[in-house]
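>>> pasting the sequence and the predicted coordinates here, then a few questions.
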2 protein chains.
Amino acid sequence: MKKKVNAAILIIGNEILSGRTQDRNIAFISSWLNTKCGISVNEVRIIPDIEKIIIENVRLLSKKFNYLFTTGGIGPTHDDITAQSISKAFRLKYEFHQEAYGILEKYYGKKKFNDGRKKMAKMPRGAKLIYNPSSAAPGFMTKNVLSLPGVPSILNSMIENCKRYLIKGLKVHSKTVSLYTVESNIAKNLGQIQKKYKKFVDIGSYPFFRLGKIGVAVVTRSTSLSKLKNVNKELMQLVKLKKIQILKI
Amino acid sequence: MKKKVNAAILIIGNEILSGRTQDRNIAFISSWLNTKCGISVNEVRIIPDIEKIIIENVRLLSKKFNYLFTTGGIGPTHDDITAQSISKAFRLKYEFHQEAYGILEKYYGKKKFNDGRKKMAKMPRGAKLIYNPSSAAPGFMTKNVLSLPGVPSILNSMIENCKRYLIKGLKVHSKTVSLYTVESNIAKNLGQIQKKYKKFVDIGSYPFFRLGKIGVAVVTRSTSLSKLKNVNKELMQLVKLKKIQILKI
């Protein structure tokens, strides 16, 4: 029987911490894991390119969750230290991965295969490759840690190649109902419904502004489709009772 | 004399973790702290709406950094548990804040000031208010923890009101040079420059794709303007030597 499988994401990169770059990988990886693999992301951390801090977080998060995804720091420059940090975290040798070396040498050609590019073939010993259809340099999996690049378009092109390494979990079903009301109008009733279904369904409510109108998106999530339906039935009764206009179900 | 001041950000919200909502607060808060207050964000965490986890992280991050910013979970619904969790984290009474109560009562009018709305006036004892010009419900500061809402437009409107509570740090200057080259072409030389200025300047390199062309943005950051200039001089020498086309300085 399938069970709940979880993961954490570790974003490695000063450019995200400084606010220079808007992260787009967290939402992408989380949605993909959720919908395609039934895996829930339970924690995300963003940390700087500092070896000691990377090592600490890789050790802790890989122990605490079923999988850890890292993004960033696997390129050719001096600030790309993810592979060597993960090697140290697990006390594995940091060395050329023969297959990765071959892929990169073929991609660049022997003459243009310089030191920076060769660096991208160095990984923790025993790492399994995550193939990269857009720019050759592979990601890699070390124990339960999957390391991907930071550039969103490249990461997106590689994500399907992670699938073979992941155990599928129970799919979390979700339903969003967008209402033209304010949170405080339904807060009490929503709280009662949540209490009743505490163990089975998560209810979240998120205010939005659209076309000058205020609304609330009520998101329900559960691994049980029937429990989810029951909650949404009660939600609809509430909507009817309060005469709330529905924007979208 | 000014010194380095740092902060962490704690994003509280299942909707960000599940990938349903793309976070936009991290980059905004980080940039604002950097440019307006000389405060560097050194760590970000995204966690679910679970009391035990919020308490744990508030305790740890408020101890580890000069300031902690939290976003999310201060609305009227059952899943808004930031204020009560922070009260527990610091063993403070969770109670009505008189001024906040007054602000909200005035905003909604006595008749429409229901339980959900009253909840937004409950805070850890002794909290200082962060005024909210767009939707009245204030944020609050408890010890060194500043709590803001999750909705970006509201958060953005409140951020200037955090300033009075923050000690300004040393401003970090930064310069970005966008080059039409690939990272591996300059990796070795950049590494050498970084080594030379290790203590004073941080050099990051970030690949980009623009109008079908590949490039690298080299970002240099330092609290010393003169050291930053020296590094950029060396960078320009490298650009000249390698005959690299410059897109933007």
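In hand now; what should we look at? This is a predicted model, so every value here is computed, not measured.
>>> residue ranges with poor pLDDT in chain A?
A:1 (pLDDT under 70).
>>> all strands of it, in order?
A:5-12, A:39-47, A:67-71, A:94-96, A:122-124, A:128-132, A:136-142, A:145-148, A:173-180, A:202-210, A:213-222, A:245-248 (DSSP state E).
>>> turn these into a markdown table, including mean neighbour count and distance to residue A:155.
Where you see a C-beta, it was placed from the backbone N, CA and C, and this is true even at glycine. Formatted as a markdown table, the strands of chain A follow (neighbours: other CB atoms under 10 Å in any protein chain shown; distance: least, CB to CB, whole Å):
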| stretch | mean neighbour count | distance to residue A:155 |
| --- | --- | --- |
| strand A:5-12 | 23 | 11 |
| strand A:39-47 | 24 | 15 |
| strand A:67-71 | 27 | 6 |
| strand A:94-96 | 15 | 22 |
| strand A:122-124 | 24 | 17 |
| strand A:128-132 | 18 | 9 |
| strand A:136-142 | 23 | 8 |
| strand A:145-148 | 26 | 5 |
| strand A:173-180 | 17 | 23 |
| strand A:202-210 | 19 | 26 |
| strand A:213-222 | 20 | 25 |
| strand A:245-248 | 13 | 30 |
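>>> any chance of CSV for those strands, columns distance to chain B?
Conversion of the strands of chain A to CSV gives the following (distance: least, CB to the nearest CB, whole Å):
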stretch, distance to chain B
strand A:5-12, 8
strand A:39-47, 4
strand A:67-71, 12
strand A:94-96, 16
strand A:122-124, 13
strand A:128-132, 13
strand A:136-142, 10
strand A:145-148, 14
strand A:173-180, 8
strand A:202-210, 5
strand A:213-222, 7
strand A:245-248, 14
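>>> and the ones you listed: which comes nearest residue B:6?
Judged by CB to CB, the one of the strands of chain A that comes nearest to residue B:6 is strand A:39-47, at 12.9 Å.
>>> distance of the residue lying closest to residue A:156 once chain neighbours are set aside from residue B:154?
Leaving aside its sequence neighbours, residue A:156 sits nearest to residue A:28 (CB to CB, 6 or more residues apart in numbering or on different chains; 6.3 Å). From residue A:28 over to residue B:154 the distance is 25 Å, taken as CB to CB, to the nearest Å.
>>> neighbour count winner among those two?
Shown here are residue A:28 and residue B:154; by other CB atoms under 10 Å in any protein chain shown, residue B:154 has more neighbours (20 against 17).
>>> so the nearest residue to residue A:10 once chain neighbours are set aside versus residue A:11, what's the distance?
The shortest distance from residue A:10 to any non-neighbouring residue, by CB to CB, 6+ apart, is to residue A:70 (4.7 Å). Distance from residue A:70 to residue A:11, counting by CB to CB: 8 Å.
>>> break chain A down into its structural domains.
A:5-165, A:173-248 (automatic domain parsing).
>>> so which of the ones you listed gets nearest residue B:103?
Comparing the domains of chain A by CB to CB, domain A:173-248 comes nearest, at 14.8 Å.
>>> how far does the closest one stretch from one end to the other?
18 Å (CA to CA, to the nearest Å).
>>> contacts only, for the residue nearest to residue A:126 when sequence neighbours are not counted.
Spatial nearest neighbour of residue A:126, excluding adjacent residues (CB to CB, 6+ apart): residue A:92 at 6.6 Å. Contacts for residue A:92 were tallied using CB atoms under 8 Å, 6 or more residues apart in numbering or on different chains; they are A:86, A:124-126, A:142.
>>> and those, which is closest to residue B:62?
residue A:86 (29.1 Å).
>>> wait, the closest one sits on residue A:59?
No: using CB atoms under 8 Å, residue A:86 makes no contact with residue A:59, being 9.7 Å away.
>>> those two: which is more packed in?
More neighbours surround residue A:86 than the other of residue A:86 and residue A:59, with 28 against 16 (other CB under 10 Å).
>>> against chain B, how distant is that one?
19 Å (CB to the nearest CB, to the nearest Å).
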